[in-house]
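Chemist: predicted model follows, preceded by the sequence.
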Amino acid sequence: MSKPIVATASLAGCFGCHMSLLDIDERILKLIELVEFNKSPIDDIKTFTKQCDIGIIEGGCCNSENIEVLKLFRKNCKILISLGECAIMGGLPAMRNGIPVKECLDEAYLNGPTVGENKEHIMPNDDELPMILDKVYPLHEIVKIDYYLPGCAPRADLIWAAVAALVTGDTLNIPYELVKFD
Amino acid sequence: MSEIVKFTIDGKEYEGVKGQLLVEVAAEKGIYIPVLCHWKGVKPAGSCRICSVKVNGRFMAGCTTPLEADMKIENDTPEILDIRKAIVEMLFVEGNHFCPSCEKSGNCDLQALGYRYQMMVPRFPYEFERRDIDASSPKLIIEKNRCIFCKRCVRMIKDEQGKSYFAFKGRGKHLQISLDKKLAVTMSEENAHKAMDACPVGCILRKEVGFAVPIGKRKYDHVSIGTDIEKLNK
Amino acid sequence: MREKVISIVQSYGKNSGRLMDILLSVQSEFGCVSEEAVSLIASELGISEVDVNQTKTFYHFFTTNRVGKYAIYMNNSVVSEMMGMAEVVDELEKQTGVKFGQTTPDGLVSLHFTACIGMSDQEPAALINSVVFTQLNRDKVRKLISDMREGKPVESMFSEYGDGVNANPLVKSMVKNNIRKAGPVTLGEYAVGTSLGKALGMDPNAVIDEVKNSGLRGRGGAGFPTGLKWMFCSKEAGEKYVMCNADEGEPGTFKDRVLLTERANMLFEGMTIAGWAIGAKEGVLYLRFEYKYLKAYLESVLADMRTKNLLGNNILGKGFNYDIRIQFGAGAYVCGEESALIESSEGKRGEPRNRPPFPVQKGYNAKPTVINNVETFCSVVKIVEQGSAWYKAMGTEESAGTKLLSISGDCEKPGVYEIAWGMTLNEMLAMVGATDVQAVQVAGPSGSCIPPSQFGRKIAIEDLATGGSMIVIGKKRDLLKDVVMNFMRFFEDESCGSCVTCRSFNMILTKQIEKVVAGTAIRTDIDNMKAWSQIIRKTSRCGLGQTSSNPITTTIENFRELYEARTKDVAYQSDFDMNKAVADSCKVVGRVPNVHHE
Ligand SMILES: Cc1cc2nc3c(=O)[nH]c(=O)nc-3n(C[C@H](O)[C@H](O)[C@H](O)COP(=O)(O)O)c2cc1C
Ligand code: SF4
Ligand code: SF4
Ligand code: SF4
Ligand code: SF4
């Protein structure tokens, strides 16, 4: 049997979840033995080159590009995993949810304490830029998600246990200390 | 004279004092019925419903139901556990709980129940309602995004004349917790701490403290909520 | 303002137990209860401002900002919507130039929505400064608004009064009774004082036995045996109270309105008999604010009874002292729940209490209290007068006597009917002239939606129990959108919010039904709605949360095909809409959205 193929992406996240994925110490060698990576910031493969088995996504959807990438993952992966608080519930970026976009953008580009001079009241509006969504969406509100691994970042052991269980087909028993929301 | 009566929990027979609240009777027997709004010695609120048990086939709140003779109490059944998990999930989608940035994280009862029931994702859609933070008083921050309306602060924190510091505002989905602006100015240090400690979540915070205990040393980092009670049973 | 508020607080003896009355007086005096007023009330009563605010913000007739000189509260209940509310709303907004929830810039008119005001037989209806306006339409709205521009008093905006007591100089209301069928009990012949005289000649326990033997069960909906309730209460020691539940908030009921109008004497007599039976000295009529137009009349009836020695000291020379006061609510459906009603009467938020203790043990002012519905008290009067056997001979085995039905919706003769329990829905529909019926909503939103295949069922506590609300839903209606969605929004608004499950699930279930109606739901959403309905039913503290999922569960049960027609049979579907999601941000930054379509 060929090795299962894994793809990963970071949407509206901080890469902390990816860091945690790499934080499995020497087991990373075992992981490489177990699976093959496709599109992922880990190996810098930018586009899907084949159909994947497992897609792991950190971060929620805060702009139009996130949505497109997520949908692309759904198309190209048999199983999708929501990794971390941002993916599961929007996480810290979702603190803006409930606040009108205008208020957020005004704060970011016009009125906020970190705004320097913006006399012309310019807001980034180049056509090439992704468009900001009305709120940050959890992944499962956009596409079907198969598994969720909470945490910020999820404990490395949790990611390891889950991926290993998926690949080997073993049942996953999660010890108390691995499910955390922070 | 207190009357001793017989009853069962999940089929096992026990004896207890008639009239005692079910959550407290159970705790004495080493059986954990989760609570979020209950506080021993304070008039029960019966608001979080997480302590729902079945008594003689009917659902009741364990924190407001006094023990009667021959009660058949169900506590640890798949039906009840699923309902409790649903309530926890419900509270997570109703408020805005960004645990990674919360001062109470690791010591929070709501979060701890999420851990106990291994909530991976709430089954309900997130509301993301806008709620305010009230930092206008000298000692406390009221982070309304996290309030679960347990009424502990309302019931427990009063001034010397018995006036309330905290009360609800609005009703239904517009419910808010509010701190009396005038009284807050003269709130004692003791009351401020009492309020923060009574709040099961990270809604009432003493200004200038927070994140005091490092990750790994917090209340629920290694042991599940309810373990202290269940130890009695071992 | 300061002096006025202080004098209001003083007129209620600086008693925080009368906070409802204080707030009502302030609201009516100033058109609002401002923050300044709250602060004054708090300091006069010696309580904190948050405590005044917690009561104030619970009830929707209390406002922080001044309402318009003419405050229009439009009923948005299901029957109002069925009878053309949308047109009235549209015309009101057009004529005033403001939207609902707003006040005209000159402060003349404010527009508000309100839940069922007990006029389902003459919708669309609205309250304008507590005066009822029924059967509104575009023409009437135009006329009303132009009258308002001329500054006319509300009372002079119409000159035709309803029948019976509605035309009494103390009422002068356009409300019609619409009594379509009188029966032998509550709408039958009645001579003031006979029954009370008889009761006072009996031992209190004998009165209770008579009520017990009659088989009378509470008419407010729950159907608890009345005699038993009285007996429990009579066994308690000390001071006691009698309370009458005239909150009549269940959408689609209005029969208590008719009794309050035409049988006020009878009601007060019934409350007095109850007082004698259980040993109470005081009765409280908890009247919904929507029926304030009856206040002056009801007060006059009480005064009249006092002069006739049917109330007051040494009633009918039998050494019994008893009086009745009226307590107004201020707009909260949940206050119809008996323990919430007590809390409200004590000046608090209308949050239902935990039980035990029950009101008969610890009720109003922590004293044993009997609470009954208006119709229950009226029935008692005839039972005592005619005897329990006479009463029990009517109705069915388990449901003795007669019942008032408030029938509204798609039928020719909406109104109040006194029927013997046991009538089938088919018979009822023939009686009211209803054809092409899709469903009957029995017992209001908290009851069940019954399909034609079950129209042979009986209206009786053992089959289709009802507090009286019967809404006929014609075939032309969109059941899920016009009825179920309206009901769920009602519960979402009216949940007191003190239990997690009722507060949140009503909100979530409302969103789910909106999704179904919008066509973005899938089959599993139906199963979820069913499952989630079970959780709220099982774990909520009071009857509101325990029944508020009924609109959904009973229609899934009886009209599943309507749900299936509107949902896709797929494993997953997102209701995310990119165009909508980016619209705002693109507008703010000034760019044209470029959304790719797959
Ligand atoms: C949410 C809710 C609303 C209610 N509204 C009313 C009401 O408007 N009128 C009423 O008589 N009973 C109402 N009830 C029932 C009362 O709680 C109570 O059972 C009744 O007043 C008892 O009187 P009865 O035994 O004469 O029916 C309501 C119950 C609930 C749970
Ligand atoms: S969940 Fe935490 S670690 Fe992961 S992307 Fe979000 S913020 Fe970063
Ligand atoms: S209050 Fe508890 S659940 Fe809410 S954010 Fe804080 S830690 Fe998390
Ligand atoms: S602030 Fe805290 S203690 Fe008070 S009601 Fe909210 S959650 Fe409970
Ligand atoms: S069920 Fe609803 S209305 Fe009743 S007490 Fe609970 S929240 Fe309030």
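Modeler: Yes, it's here. Residues are numbered from 1 along each chain as shown, chains lettered A, B, ... in the order given. Ligands and ions are numbered 1, 2, ... in the order given.
Chemist: pLDDT at residue 1, what is it?
Modeler: Unless you meant another one, I'm taking chain A. For residue A:1, the pLDDT comes out at 53.
Chemist: hm, I was asking about chain C
Modeler: What the model reports as pLDDT for residue C:1 is 89.
Chemist: who's in contact with it?
Modeler: C:30, C:36, C:37 (C-beta atoms under 8 Å, 6 or more residues apart in numbering or on different chains). All C-beta spots, glycine's among them, are computed from the backbone N, C-alpha and C.
Chemist: ok, it to ligand 4 distance?
Modeler: Using C-beta to the nearest ligand atom, to the nearest Å, one obtains 33 Å as the distance from residue C:1 to ligand 4.
Chemist: residue B:12 too?
Modeler: 33 Å.
Chemist: then residue C:517?
Modeler: Distance from residue C:517 to ligand 4, counting by C-beta to the nearest ligand atom: 34 Å.
Chemist: and if you look at residue A:51?
Modeler: When distances are taken as C-beta to the nearest ligand atom, residue A:51 and ligand 4 turn out to be 48 Å apart.
Chemist: as CSV, the contacts of residue C:1 with distance to residue A:157 would be great.
Modeler: As requested, the contacts of residue C:1 are exported to CSV (distance: C-beta to C-beta, whole Å):
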residue, distance to residue A:157
C:30, 64
C:36, 59
C:37, 59
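Chemist: which one of the residues you listed has the most neighbours?
Modeler: Within the contacts of residue C:1, most neighbours by other C-beta atoms under 10 Å in any protein chain shown means residue C:37, with 24 neighbours.
Chemist: contacts for the worst-scoring helix or strand of chain A on mean pLDDT, please.
Modeler: Scoring the helices and strands of chain A by mean pLDDT, DSSP states H and E places helix A:27-34 at the bottom, with a mean of 88. With contact meaning C-beta under 8 Å, 6+ apart, helix A:27-34 is reached by A:3, A:4, A:22, A:24, A:160, A:163, A:164, A:167, A:168.
Chemist: among the residues you listed, which two are most distant?
Modeler: Greatest spatial distance among these (C-beta to C-beta): A:22 and A:168, at 20.6 Å.
Chemist: how is chain B carved up into domains?
Modeler: Taking automatic domain parsing as the domain assignment, the record places the domains of chain B at B:4-76, B:85-206.
Chemist: is the last one up against ligand 5 anywhere?
Modeler: Meaning domain B:85-206. No - no part of domain B:85-206 sits near ligand 5 under the criterion C-beta under 6 Å from any ligand atom; the closest distance found is 7.5 Å.
Chemist: gap between stretch B:72-89 and the chain center?
Modeler: Relative to the centre of its chain, stretch B:72-89 is centred 16 Å away, using C-alpha atoms, centre = their mean, to the nearest Å.
Chemist: re earlier: what is the nearest of the contacts of residue C:1 to chain B?
Modeler: Nearest to chain B, judged by C-beta to the nearest C-beta, of the contacts of residue C:1 is residue C:36 at 13.2 Å.
Chemist: secondary structure element holding that closest one?
Modeler: Element membership for residue C:36, per DSSP states H and E: helix C:35-45.
Chemist: counting by contacts, list what that helix packs against.
Modeler: In this structure, helix C:35-45 packs against helix C:2-11, helix C:19-30, helix C:49-56, with contacts taken as 3 or more C-beta pairs under 8 Å, 6 or more residues apart in numbering or on different chains; DSSP states H and E.
Chemist: can you give me the strands in chain A?
Modeler: Counting by DSSP state E, one finds strands in chain A at the ranges A:5-10, A:36-37, A:52-58, A:61-63, A:77-83, A:132-137, A:147-149.
Chemist: residue ranges for the helices of chain B, please.
Modeler: Defined through DSSP state H, the helices belonging to chain B, from first to last, are B:22-28, B:78-94, B:109-116, B:152-156, B:181-185, B:189-198, B:227-231.
Chemist: the second one near ligand 4 anywhere?
Modeler: By that I understand helix B:78-94. No - counting by C-beta under 6 Å from any ligand atom, ligand 4 has no neighbours in helix B:78-94; the shortest distance is 9.7 Å.
Chemist: need phi/psi at the residue nearest to residue A:144 when sequence neighbours are not counted.
Modeler: In space, not counting the residues next to it along the chain, residue A:144 is nearest to residue C:572; the distance is 3.9 Å by C-beta to C-beta, 6 or more residues apart in numbering or on different chains. Per-residue torsions, residue C:572: phi -150, psi 140 (degrees, to the nearest 10).
Chemist: residue C:572 and ligand 4: what is the separation?
Modeler: In this structure, residue C:572 and ligand 4 are 34 Å apart, going by C-beta to the nearest ligand atom.
Chemist: and the pLDDT at the residue most central in space within chain A?
Modeler: Closest residue to the average C-alpha location of chain A: residue A:58 at 1.5 Å, with C-alpha atoms, centre = their mean. Residue-level confidence at residue A:58 comes out at 98, pLDDT.
Chemist: what's the answer for the one 10 residues further on, then?
Modeler: The predicted structure scores residue A:68 at 97 on the pLDDT scale.
Chemist: that one: neighbouring residues, count only.
Modeler: By other C-beta under 10 Å, the burial measure for residue A:68, its neighbour count, is 15.
Chemist: for it, which non-adjacent residue is spatially closest?
Modeler: Nearest non-adjacent residue to residue A:68, counting by C-beta to C-beta, 6+ apart: residue C:596, 7.6 Å away.
Chemist: ligand 5 contacts on chain C?
Modeler: Chain C has residues C:334, C:352, C:495-499, C:502-503, C:540-542, C:544-545 near ligand 5, with proximity defined as C-beta under 6 Å from any ligand atom.
Chemist: ok, 8 Å please
Modeler: Applying C-beta under 8 Å from any ligand atom, we find that chain C lies next to ligand 5 at C:334, C:337, C:340, C:351-352, C:494-499, C:501-503, C:506, C:536, C:540-546, C:548.
Chemist: narrow these to those in helices?
Modeler: Among the residues of chain C next to ligand 5, the residues falling in helices (DSSP H) are C:340, C:494, C:501, C:502, C:503, C:506, C:536, C:543, C:544, C:545, C:546.
Chemist: got a list of what the first one touches?
Modeler: By that I understand residue C:340. If a contact means C-beta under 8 Å, 6+ apart, then residue C:340 has C:332, C:334, C:350, C:351, C:352, C:353, C:496, C:542 as its contacts.
Chemist: give me the neighbour count for the second one.
Modeler: The burial count assigned to residue C:334 is 30, neighbours taken as other C-beta under 10 Å.
Chemist: could I get the contacting residues of it?
Modeler: For residue C:334, the contacting residues are C:340, C:350, C:351, C:352, C:494, C:495, C:496, C:542, C:544, by C-beta under 8 Å, 6+ apart.
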